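[1] model the following, please.
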Amino acid sequence: MPYQNKPIPPELQDQIANLKYLAEYSADLLINPVMIGGISCALIGCEGMLSTTILTELVLQPLMSIPPQPNSQALFTHIQNEMLLSMDRPTVWNYDDLFRLLHSGFAVLLAEGEIKALAFGVQGYEKRSINEPSGEANILGSHEGFTEAIRTNMSMLRRRMKTPLLKFELSSMGSLSKTDICLCWLTDRVPPELLQDIRNSLESAQLETVLSAGYIQPFLEQEHNFFDTVSTTERPDVLASKLLEGRVAILIDGNPFALVVPKLFVESFQTLDDYNFKPWYACFLRWVKYGAFVLALILPALYVAVSVHHPEMLNQTLLLLLSHAEADEPLSLPMEAIGVLLMYEVIREAGLRLPKVVGGAVGLIGGLIIGDAAVASGLVSTPMLTMAAISVTAGFIIPDLNSIITILRIAFILAGGFWGLFGIGLLGMIVLLKLCSAEDYGFPVTAPVSPFYRKGMRDVITRVNFRQMQSGNFTVEEYHEQD
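    Purely as a prediction, here's the structure:
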């Protein structure tokens, strides 16, 4: 960068000239020359990023009341030691930090004869209010979700964990965007080695911009791994529970999702409401999710494999029904199944990307008109459409695994179509081996099932009550030790 670590010159005219040159006379750069305490100064800001009310009341009025000072050094000493213009007031020594603070909503004071600048936190940019999370709804829990402002997200997490053990570490990523990111962890739950490894992974990312969590996530995951080893959440209460288990969270400015390291596969089947319902009902719901995962993954493949390679497994009535339904179909069963699923993906993407007003109509057209017309025209059989609908609906229960299920579902159909139940079993073994080998920073993704950890199973197979949970707390570091 042309201004990377470029020092601030002592002459005020040179300071302002460099600012204008480096900003290329950008229209949102506000430069206000002013005399403060008899010293030539300039107050710099970025339009739209700061609050004019806060700036006037807490910075401008106190600065203009400063008595005459002998030189700029005495002026800055007086401001730093005798005045409290804002809670956040860093000192700036180079243009790199100066522009980063300007574009974060700080007002910066330059003075004739000083090679540094004073910054005051007077942020006032527009931001979205706190709303209910769109993808992690619950019934009995909090209805607050993260927003795009990183400091708002930090405060929401702090409200739920009022302990000095909760630490925040702010830094920036992206040579152009200078996006603020924040590491969050509990000092008594996270080993220093894990923290350092995460810092090293983030430092290895030589990115120009960081616009969403997807820019950072690949640098935190094990390479060549099909399964996610970093989870995301948009709920501060869920993030707080993960920090209690010894995880490390990463908040990104401009993104309402937090990254959590490491991730366990069983977490995809857990929701906040599991801990608000009675244990027996939460256990029932969890097993429903396990069953839905299996149905979403292999139900169309089983239908294809049995119909093509193993018709002897069906009773006479069912066999006659399926043979009659598929007798006049122009496509083979595997191609028919893949075509139905791809059509669903097209309808789903159209409903997601179009405006909400039109999205509902797309779903209605796709579900009723296209589906009914496909069956009536003979392009798709009714049993195949039913199997695909059950599989897709079951996948809705586990949204965290939707992308993995979508790809593996098609792979299982191809395996079942070519090799029958043997192909499904073979592919299932490969997927299971790949899942069991997945780890991140030494933490196995399949823990506490593999490697088996008895204490962790109390929240996997079942969900014990809080009288039992309150004793014997554990962190994911124990999984690391077991491995």
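[2] where does the stretch 201-350 of the chain have low pLDDT?
    The model of the stretch 201-350 of the chain has pLDDT under 70 over residues 223-224, 324-329.
[3] where do the helices of it begin and end?
    213-220, 236-244, 279-309, 316-326, 333-353 (DSSP state H, counting those that start in this stretch).
[4] same question, the stretch 1-150 of the chain
    Ranges of helices in the stretch 1-150 of the chain, per DSSP H, counting those that start in this stretch, are 12-22, 52-54, 61-64, 72-82, 95-102, 150-160.
[5] return the fifth one as CSV; C-alpha atoms alone will do.
    What it means is helix 95-102. The C-alpha coordinates for helix 95-102 follow below in CSV (Å, rounded to 0.1, in the frame of the first residue of the first chain):
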residue,chain,number,x,y,z
TYR,A,95,-1.2,7.1,7.9
ASP,A,96,-2.1,3.4,7.9
ASP,A,97,-3.6,3.6,11.4
LEU,A,98,-5.0,7.1,10.6
PHE,A,99,-7.1,5.9,7.7
ARG,A,100,-8.2,2.7,9.5
LEU,A,101,-9.5,4.8,12.4
LEU,A,102,-11.1,7.5,10.1
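[6] residue farthest from the centroid of this protein?
    Here the centre of the chain is the reference, and by Cα atoms, centre = their mean the most remote residue is P70, at 52.5 Å.
[7] what is the neighbour count of A301?
    A count of nearby residues for A301, using other Cβ atoms under 10 Å, gives 29. In this view, the C-beta of every residue, glycine as well, is placed from N, C-alpha and C.
[8] er, A249 actually
    21.
[9] identify the bridge partners of the closest residue to it other than its chain neighbours.
    Nearest non-adjacent residue to A249, counting by Cβ to Cβ, 6 or more residues apart in numbering: C184, 4.2 Å away. With DSSP bridges as the criterion, C184 is bridged to F168, A249.
[10] now do the same contact list for C184.
    By Cβ atoms under 8 Å, 6 or more residues apart in numbering, the residues touching C184 are 154, 157, 166-169, 239, 243, 248-251, 258.
[11] domain map for the chain?
    What automatic domain parsing lists as the domains of the chain is 12-121, 150-263, 275-437.
[12] and the helices of the stretch 201-350 of the chain: which comes nearest V431?
    helix 279-309 (8.8 Å; Cβ to Cβ).
[13] how far off centre is the closest one?
    Between the centre of helix 279-309 and the centre of its chain there are 27 Å (Cα atoms, centre = their mean, to the nearest Å).
[14] max-length helix in this structure?
    Scanning the chain for the longest helix, with DSSP state H as the assignment, gives helix 402-437.
[15] buried ones in that one?
    Of all the residues in helix 402-437, those buried under the rule 16 or more other Cβ atoms under 10 Å are 404-406, 408-417, 420-421, 423-424, 427-428, 431, 435.
[16] dump the C-alpha coordinates for stretch 212-231 into PDB.
    Only the C-alpha atoms of stretch 212-231 are listed here, as PDB (Å, rounded to 0.1, in the frame of the first residue of the first chain):
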ATOM      1  CA  SER A 212     -18.100 -12.300   5.100                       C
ATOM      2  CA  ALA A 213     -17.200 -15.300   7.200                       C
ATOM      3  CA  GLY A 214     -16.600 -17.400   4.100                       C
ATOM      4  CA  TYR A 215     -13.400 -15.500   3.400                       C
ATOM      5  CA  ILE A 216     -11.800 -16.500   6.700                       C
ATOM      6  CA  GLN A 217     -13.300 -20.000   7.300                       C
ATOM      7  CA  PRO A 218     -11.100 -21.900   4.800                       C
ATOM      8  CA  PHE A 219      -8.000 -20.700   6.700                       C
ATOM      9  CA  LEU A 220      -9.300 -22.200   9.900                       C
ATOM     10  CA  GLU A 221     -10.200 -25.600   8.500                       C
ATOM     11  CA  GLN A 222      -8.200 -28.600   7.700                       C
ATOM     12  CA  GLU A 223      -7.400 -28.800   4.000                       C
ATOM     13  CA  HIS A 224      -9.100 -31.300   1.700                       C
ATOM     14  CA  ASN A 225     -12.000 -32.000   4.100                       C
ATOM     15  CA  PHE A 226     -15.500 -32.400   2.800                       C
ATOM     16  CA  PHE A 227     -17.100 -31.800   6.200                       C
ATOM     17  CA  ASP A 228     -17.100 -28.500   8.000                       C
ATOM     18  CA  THR A 229     -14.800 -28.200  11.000                       C
ATOM     19  CA  VAL A 230     -15.700 -24.700  11.800                       C
ATOM     20  CA  SER A 231     -19.300 -23.900  12.800                       C
END
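[17] residues in contact with that stretch?
    Identification of contacts with stretch 212-231 by Cβ under 8 Å, 6+ apart yields 173, 181, 198, 201-202, 204-205, 207, 209-210, 232, 242, 250, 252, 254-255, 257, 259-263, 265, 267, 400, 404, 434-435, 438-440, 445.
[18] stretch 266-285 now?
    136, 138-141, 231, 235, 237-238, 286, 289-290, 293, 398, 400-401, 448-449, 459-460, 462-466.
[19] quote the end-to-end distance of it.
    Stretch 266-285 has an end-to-end distance of 14 Å (Cα to Cα, to the nearest Å).
[20] in that stretch, what counts as buried?
    Buried, per 16+ other Cβ under 10 Å, within stretch 266-285: 266-272, 274-275, 277, 279, 282-283, 285.
[21] ok, so of those, who is nearest G38?
    Nearest to G38 among those is L272, at 59.9 Å by Cβ to Cβ.
[22] distance-wise, check that closest one relative to K178.
    L272 is 34 Å from K178, where distance means Cβ to Cβ, to the nearest Å.
[23] give me the contact list for stretch 64-73.
    Here stretch 64-73 makes contact (Cβ under 8 Å, 6+ apart) with 34, 36-39, 41, 75, 78-79, 83, 111-114.
[24] neighbours around L352, how many?
    L352 has 10 nearby residues by other Cβ under 10 Å.
[25] nearest to T475, of the domains of the chain?
    Comparing the domains of the chain under Cβ to Cβ, the one sitting nearest is domain 150-263, at 3.0 Å.
[26] from one end of the closest one to the other, what's the distance?
    22 Å.
[27] now that domain, how far from the chain's geometric center?
    On Cα atoms, centre = their mean, the centre of domain 150-263 falls 9 Å from that of its chain.
[28] E336 and E267, how far apart?
    Counting by Cβ to Cβ, the gap from E336 to E267 is 35 Å.
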